[in-house]
Structure formats: C-alpha cells, structure tokens
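Novice: output the structure for:
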Amino acid sequence: MSPPIDLKTQKYDRQLRLWATTGQQALEEAHVCLLNITSTGCEIIKNLILPGVGNITVIDDSKVTGQDIQNNFFLDPESIGCSKAKSAAELLQELNEDAKVTFIEKDPLDLIQNDPKVFEPFTMIIIVNMPEEAVLTLASLCQDKAMIVVKSNGFIGAFSIQAPEHTIIESHPENAMDLRLSCPFRELSEYASSFDLDALDQTDHSHVPFVVIILKYVEAYKAKHGQAPRSYEERKELIDMIKSGMRAADEENFQEALSHVWRLSSTDHIPSEVRQTFNDPSCVNADANSPYFWILAKAVRDFVENEGEGQLPLSGKLPDMKSDTVKYIGLQRVYRQKALSDLNAVKKRVNDILDGDETVISDEVIETFCKNAGHIKVIQYRLISSHYKQADKIVQWMKNEENIHYCIVFKAADRFQKIYHRYPSSVEDYDALKEQTVVFLESIDIPFEQVQELMESEIMDKTLQNFVRFENKEAANIAALLGGVVAQEAIKLITHQYIPINNTCIFNGITSTSNVFEL
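Specialist: Predicted coordinates:
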C-alpha cells in the first residue's frame, strides 16, 4: 500500500504538477510586498496567497472610502473609515491559513523617501498606480529584488518587470523530445539494429516503437544513397519507404513514425540561445564561487565539448508510443542508461569546478539541469529607468501597434500627475494630457516632426479620449484579469520556472488584445 498523502500535498496537488516541490518551497519562502492597496493590487495578492506564497505585506496609509468598496472585493462596507491596509490584510488572510499576511499603515511615498530599509526583507515588490518619481527611486534602491510596476485605468492594464539576472532551468517547453533520431548514439543504433522487421509476425510488427522504425528506414536510405536524408525531397522519399513497409493502413506505430520524420530536419542539437548562454563570460569563467546556475552551465558546456561530442546530455525522457511492454521497456532502458552515463560525466565536471565539494549542489539539481539543458534561459532585465530609450523602435511600434499608445499615455499621465498632483480624471483633462504626451515623446529623443505626425494619428486621439473617459478608475473585470496575469508572472519569477515576460505587457480590454514590448 502506498503511503498516505499529507494534507499540504492534497491541498496543492494541481499546482505541484506544474512546478513540483521545489517550486512550492520557493513560494513558501517568498516575502512579497504590495504598495498601494487598490482593486488590482488585492486581486494580485489574492492570486499569490491561494497558491501558498509564505509571507505577504501590504503597505498603505489611507482610509477606506465608499468608492473603494464599490470595486474592491477585499474591502467591505463595515471597513469604511478604517485603515485600508488593516482591513484588506484581514480579509486576504482568510484565503489561506498557510500564508502570513501583515500590514504597515504608513504612506508608501514617505517610506520610499525616508525609510527605505523597510523594503530590505522583501524578495519581491509589487507597486500599483503610484507616481513615477517614487517608482524610479525605489527601483534604484532595490535593484537586487524582483519588482513589478502595475498601472490600471479603466479597461486598460499594464505592468513592467525589473529584476536581477534571472536564470531558468525548468522552462517547461511544450512537447519537448530528445530522441536523437538524426544522430543516434551507439547504444540506440545497436538496439534498432537488433530488429528484423521482415521476420516479425503481424503482432510484433505492429508493436515496434516508432523510434526503431525511423532509424531502420534511415539506415536503408543511407545504404541506397550513401547519406541520411537531409532535404525536404529526401525526407519525402524516406516517408514513401516507411509507407511501403506498412502491412496494414492502420498500423499505428508506422503512423507515429511518419508523424515524427520531420525531427530528422533538426541538424543543430544545441539551440542558439543555449549556445549564447554557454558563451556568456559568466559561464566561461565560472568557478566555485559562482552562482550554481553558471557552475552547472559551465559543466555542461565542458561536457558538450568533450564526452558529449557536440551533444547536450540526454534527457532520457521517452514519450508514450504504440508498442508492447517488452519493447517499450527495452527502448526506455537504452535511453535511461545513456542519460545516466551523461549525468555522471556532468556530475564529475561539477565536482571538479567545486574542488570536490559535493555538498554545494545536490545530485537532484544537477539531474534537473541535465534533463533541461536544451531549454535553459537567462533574462537580463533592464532597470525601469532605462525603459523607453529606443526611440526608433517606439516610433515603428506606434505606426503598427495600437496598444503601444496606451503605454505612452500612461507615461504622459505620470507627468500630468507630477504637475497637477492628480491623475487625469475627466474629459476636461484631454488637452493637458495631450500636451504631456508630446513632452514625453520629445523627451525620449523622437524628432519634433515625427512627434507631430504621431500625435495627429486617429489612434492617438482615440487613446487619449479613452484614457480621460476612464476617469482614473479601475474596472473590476480588468482588475481581476490583471491580477491573474501579474500573479502568474510573479510566480514564474519566484520559482524560476516557466518563462516570464521581459519588460512590459499591456492589456487592452476594449479590443481584448495584449502585447509584450521590450521598451
């Protein structure tokens, strides 16, 4: 009988299937801070508390108003006139007893200016609808932390990410297979050669794994032409050869083989992005004092250049396929033994880098890296203060993408707030907001003539009109959607799994479209 599943595993069962115990542990050890309690902010925190983020701190010094309870489900009528931070924290805490929700009833702007040490314990900071000047100050002070800056107005929501160097081992690509069909290793070739397809009876013939079928017919093609099929026309001939070997039109294993022939077109088995990571100075010069990601990357890089003979460590994962148990297990054993051999070679190289200290990086982490070596990723986030520096790109986007205009107008609204000490909130603010849009575009070095052309466009006029009509209010449905999206990106950053967006995401609830821009 299998051991009973503990209550926590039962509670988080579905998400553990997504990011496993390592991801869950990262969430439980995280401490996320929310600055400025809004409807969107509470929705974000809700979606972090439910999956089990360990510590949440909300910071706000304002009192709950009647307007607040109209669009924020985490403030109730009884809390009007009370501390917004305390009221929201109490209701958010009820969502998950595993999380600890605390509050600080102080002005976030004052803390940023006069007591920035408050932010030292946090691993992530989320800022919602706060003045740009305060955001830039905090972003400069907290460059060692992940930070998400969120803007929400009416049916438009946007957020930008600033974070230290972000490394990802488990990016979870869809349908990733490492079968080595175009360059089979010796043991795989020997296993495939052990099959005599013509001598098999109908039952055994219909249960030969598709990997074996492809390799057998590639060998037949090479015997005929002197080389493996490379071009589309050559692979088409291979397909015809496989079809001719089918004893029945419904042989599923042969159908699977036909559907996987395209994998032979893969000639570069190390993706360019992975090669770029291997050539990064952080990888080339990694030593025992480097972050473990770069130690592992260097070990795998050295493996590729030596034992791997130009190939990454084999993942050893075999997909489901039409076969009988004996043949499938036999093929599985071949892949697993090769993967284990590669893993042991990489382990030795890791230990060499660490001068024999095997306690620094666990075998489990090394194995995870080897299994995912073909999909590792490094994101170098830029400081938020360095966004909007690519004038030519921005002009091009503004000529082709509607949603980039809302990114621009959000920046103009920040300038409006700095002058008038409030955000645009009525149609009477149209002209002043338009003026600040011009000022902003000129400030990022877009030539005057181009600014005038961009400002005269129908899209810009519509964007400005929509923006002031929203009256600087959050829509509950957009707050909920944005809360889910931002929380999802936050979880990616915390767990170092899956690939978060780089830079800025904008969602347009009017057209139900979204874009990601590296501004």
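
Novice: test my guess that residue 291 contacts residue 167.
Specialist: Yes - between residue 291 and residue 167 there is a contact under C-beta atoms under 8 Å: 7.4 Å. C-beta here means a position set from N, CA and C on the backbone, and glycine is covered the same way.

Novice: quick check: residue 361 touching residue 295?
Specialist: Yes - the criterion here is C-beta under 8 Å, and residue 361 meets it with residue 295 at 6.6 Å.

Novice: surely residue 102 is within a strand?
Specialist: Yes - checked against DSSP: H, G, I helix; E, B strand; the rest coil, residue 102 lies within a strand.

Novice: tell me the spacing between it and residue 78.
Specialist: To residue 78, residue 102 is 21 Å away according to C-beta to C-beta, to the nearest Å.

Novice: more neighbours, these two?
Specialist: Counting neighbours by other C-beta atoms under 10 Å for residue 102 and for residue 78 shows that residue 102 has the greater number, 15 against 10.

Novice: distance of that one from residue 490?
Specialist: 18 Å.

Novice: what do you get for residue 293?
Specialist: 20 Å.

Novice: for residue 334, same thing?
Specialist: Residue 334 is 41 Å from residue 490, by C-beta to C-beta.

Novice: and residue 479, by the same measure?
Specialist: Distance from residue 479 to residue 490, by C-beta to C-beta: 16 Å.

Novice: just checking, next helix/strand downstream of the lowest-mean-pLDDT helix or strand in the chain?
Specialist: Using mean pLDDT, DSSP states H and E, the weakest-scoring helix or strand in the chain turns out to be helix 7-11, at a mean of 86. On the C-terminal side of helix 7-11, the nearest following helix or strand under DSSP states H and E is helix 13-29.

Novice: tell me the helices and strands packed up against that next one.
Specialist: Where contact means 3 or more C-beta pairs under 8 Å, 6 or more residues apart in numbering; DSSP states H and E, helix 13-29 is packed against helix 476-495.

Novice: okay, angle between the helix it packs on and helix 13-29 too, please.
Specialist: For helix 476-495 against helix 13-29, the angle by axes from the mean of the first three to the mean of the last three C-alpha atoms, to 10 degrees is 70 degrees.

Novice: quick one: residues contacting the closest residue to residue 510 other than its chain neighbours.
Specialist: Computed as C-beta to C-beta, 6 or more residues apart in numbering, the closest residue to residue 510 that is not its neighbour in sequence is residue 155, at 5.0 Å. Residue 155 makes contact with 466, 470, 475, 478, 508, 509, 510, according to C-beta atoms under 8 Å, 6 or more residues apart in numbering.

Novice: among these, which lie within strands?
Specialist: Judged by DSSP state E, strands contain the following of the contacts of residue 155: residue 508.

Novice: out of the contacts of residue 155, who's nearest residue 45?
Specialist: Top of the list for closeness to residue 45, among the contacts of residue 155 and by C-beta to C-beta, is residue 478 at 16.4 Å.

Novice: tell me which element residue 184 is part of?
Specialist: Applying DSSP H and E, one finds residue 184 in no helix or strand.

Novice: surely it meets residue 192?
Specialist: Yes - using C-beta under 8 Å, residue 184 makes contact with residue 192 at a distance of 7.2 Å.

Novice: what is in contact with the two at once?
Specialist: residue 215.

Novice: how near is the residue nearest to residue 450 when sequence neighbours are not counted to residue 242?
Specialist: Nearest non-adjacent residue to residue 450, counting by C-beta to C-beta, 6+ apart: residue 395, 5.8 Å away. Between residue 395 and residue 242 the distance is 52 Å, computed by C-beta to C-beta.

Novice: buried residues in stretch 387-394?
Specialist: For stretch 387-394, the neighbour count (16 or more other C-beta atoms under 10 Å) marks 387, 388, 390, 394 as buried.

Novice: measure the third one to residue 144 for me?
Specialist: Right, the one you point to is residue 390. 25 Å.

Novice: bridging residues for residue 83?
Specialist: The partner list for residue 83 in beta bridges (DSSP bridges) reads residue 63.

Novice: returning to what we had before: so what does the least confident helix or strand of the chain touch, helix or strand wise?
Specialist: Short answer (3+ C-beta pairs under 8 Å, 6+ apart): helix 7-11 packs on no helix or strand.

Novice: let me see the ranges of the helices in the stretch 301-450 of the chain.
Specialist: For the stretch 301-450 of the chain, the helices defined by DSSP state H, counting those that start in this stretch occupy 325-353, 363-371, 391-400, 404-420, 430-443, 448-455.

Novice: neighbours around the residue nearest to residue 312 when sequence neighbours are not counted, how many?
Specialist: Among residues not flanking residue 312 along the chain, residue 373 sits closest, at 4.6 Å (C-beta to C-beta, 6+ apart). Look at residue 373: counted by other C-beta under 10 Å, it has 29 neighbours.

Novice: how about residue 373, what does it touch?
Specialist: 274, 300, 312, 313, 315.

Novice: among those, which lie within strands?
Specialist: Going by DSSP E, the strands hold none of these.

Novice: redo the residues you listed as TSV? Include distance to residue 327, pLDDT and neighbour count.
Specialist: Shown next, in TSV, are the contacts of residue 373 (distance: C-beta to C-beta, whole Å; pLDDT from 0 to 100; neighbours: other C-beta atoms under 10 Å):
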residue	distance to residue 327	pLDDT	neighbour count
274	32	97	21
300	31	98	29
312	26	96	23
313	25	97	29
315	20	94	21
